[in-house]
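Engineer: could you work out the structure for the sequence below:
(chains A, B, C and D)
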Number of protein chains: 2
Amino acid sequence: MAQRNILQFIILGLINERPKTGYDLTKDFDYAIGEFWTAQHSQIYPQLKSLETKGWLSHTEEISGEKLNRKRYAITTTGQAALSHWLSTATAHPTNGKDEFVLKLYFLHDQNDARLRPMLTAQQADHEQRRDHLRRQLATKFPNGSDPHDFGHFLILDHAVRREEEYCQWLQAALEQLPKGASK
Amino acid sequence: MAQRNILQFIILGLINERPKTGYDLTKDFDYAIGEFWTAQHSQIYPQLKSLETKGWLSHTEEISGEKLNRKRYAITTTGQAALSHWLSTATAHPTNGKDEFVLKLYFLHDQNDARLRPMLTAQQADHEQRRDHLRRQLATKFPNGSDPHDFGHFLILDHAVRREEEYCQWLQAALEQLPKGASK
DNA sequence: TTAAAACATGTAATTAATTACATGTATAAA
DNA sequence: TTTATACATGTAATTAATTACATGTTTTAA
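Structural biologist: Numbers count the residues shown, from 1 in each chain, chains lettered A, B, ... in the order given. I've put the predicted structure just below:
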């Protein structure tokens, strides 16, 4: 097995909140969730079918407007049991964490390499923008700090902000260690 | 294309340091590099072949002991050009960052959920151990702070330490926000 | 009214990555 | 001396994930 099909449980968890369409799920991955897991609709629709075959989901058809047919999936009791089991299973340390930029830096062994500064400043702009965006999201969604009834959402956003803050601080520290003068 | 075959450039970068065998490369991914990219030998050996076909690598055979044949790959000038081009190409924001644990937390919407505390403390133990291990590595490898001739290595380790520190701080903050008493 | 954007759902082709299969040799410690 | 560990290199099977292909409807704003 190349992995344990975590996506199915994420879909289960998202539908457990309330019945959803494939399109709804696709949007969920563009949102808070997307900071820690992504999936395209081409992965989602087949997965929904397979989850229904397993009996973990069931769907009802809705018509919107004249003819647009939409499938809304709901979790079954067996599905809830499967979700609950996944949630209470020990989670391995994240193995992923692939970051192309960090690898590029690694190969620039020399502190005097002329490419170092522009690379770092470009990434800094990107990550600072991301950080500010996430901060605004957190402040908008949770103006009074954590919400006891949407704690998971708060945690995920808080973590995303902290992660970007760390990234920015690290880039800043790296830039400060660069030799002052020109990069020969 | 499912991705841009970043692995080939990482292998190129690693071999650019000095000629290496497939086994050497496999070990590299267990080390500092492994915090930000992983690859198994089953991915590495085919990639070495394909890089040689491209003319970016060439190998010489070595005999160790009686008959053990080992292939040591070296980078060619075209390979160095390709590596250099990759290094100076703008890097997209990391899209990955998949973390199963964070998703599990997300689905535990309620701050009073009994599963929250044991999950967080288990992860805390894991990440604190990892953090301490990385701190020791950094202190051993770079006892006087950053080394100007191995700056990339310093940066990657420093980043790994900071990332784990952030993770631990986030987990700690989450635990502190949990209701004091029993989790009904 | 018309055009763009969002809603909506699928499949096909390709690549990336993991796990398992497969087979040895060299060295160091017990 | 024997046994465990590290060294060493591959392939096969499977799964995960991305990109591209494919087609349409509904709603909103210009």
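
Engineer: burial check on whatever residue of chain A ends up closest to DNA strand C, number of neighbours?
Structural biologist: Of all residues in chain A, residue A:42 sits closest to DNA strand C, at 3.0 Å by C-beta to the nearest atom of the strand. Yep, even glycine has a C-beta here, placed from its N, CA and C like the rest. Using other C-beta atoms under 10 Å in any protein chain shown, residue A:42 is surrounded by 9 other residues.

Engineer: again, but for residue A:177
Structural biologist: 16.

Engineer: kindly report the same for residue A:75.
Structural biologist: Neighbour number of residue A:75 under other C-beta under 10 Å is 24.

Engineer: OK, contacts around it?
Structural biologist: With contact taken as C-beta atoms under 8 Å, 6 or more residues apart in numbering or on different chains, residue A:75 is in contact with A:12, A:15-16, A:19, A:56-57, A:83.

Engineer: reformat these as a markdown table; add pLDDT, neighbour count and secondary structure.
Structural biologist: What follows is the contacts of residue A:75, written out as a markdown table (pLDDT from 0 to 100; neighbours: other C-beta atoms under 10 Å in any protein chain shown; DSSP: H, G, I helix; E, B strand; the rest coil):
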| residue | pLDDT | neighbour count | secondary structure |
| --- | --- | --- | --- |
| A:12 | 97 | 24 | helix |
| A:15 | 97 | 25 | helix |
| A:16 | 95 | 19 | helix |
| A:19 | 97 | 16 | coil |
| A:56 | 97 | 23 | coil |
| A:57 | 97 | 24 | strand |
| A:83 | 93 | 22 | helix |
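
Engineer: and those residues, which two are the farthest apart?
Structural biologist: A:19 and A:83 (14.3 Å; C-beta to C-beta).

Engineer: residue contacts, residue A:78?
Structural biologist: Residue A:78 makes contacts with A:54-56, as judged by C-beta under 8 Å, 6+ apart.

Engineer: and which of those residues is nearest DNA strand D?
Structural biologist: residue A:54 (13.0 Å).

Engineer: burial of that closest one, as a residue count?
Structural biologist: Other residues close to residue A:54 by other C-beta under 10 Å number 13.

Engineer: next one: the one 5 residues further on
Structural biologist: Residues near residue A:59, counting by other C-beta under 10 Å, number 18.

Engineer: tally of neighbours for residue A:129?
Structural biologist: 12.

Engineer: got a pLDDT number for it?
Structural biologist: For residue A:129, the pLDDT comes out at 93.

Engineer: double-check that it belongs to a helix.
Structural biologist: Yes. Counting by DSSP: H, G, I helix; E, B strand; the rest coil, residue A:129 is found in a helix.

Engineer: wait, a helix at the residue of chain A closest to DNA strand C?
Structural biologist: Yes. Judged by three-state DSSP, residue A:42 forms part of a helix.

Engineer: strands of chain A, start to end?
Structural biologist: In chain A, the strands defined using DSSP state E lie at A:57-64, A:68-75.

Engineer: domains in chain A, by residue range?
Structural biologist: A:6-87, A:100-176 (automatic domain parsing).

Engineer: which of those sits closest to DNA strand D?
Structural biologist: domain A:6-87 (2.8 Å).

Engineer: and DNA strand D, is the closest one touching that?
Structural biologist: Yes. Using C-beta under 7 Å from any atom of the strand, we find that domain A:6-87 touches DNA strand D at A:6-7, A:38-40, A:42-43, A:64-68.

Engineer: about what we covered before: now distance to residue A:98 too, for the contacts of residue A:75, in CSV please.
Structural biologist: Shown next, in CSV, are the contacts of residue A:75 (distance: C-beta to C-beta, whole Å):
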residue, distance to residue A:98
A:12, 25
A:15, 28
A:16, 29
A:19, 34
A:56, 30
A:57, 31
A:83, 27
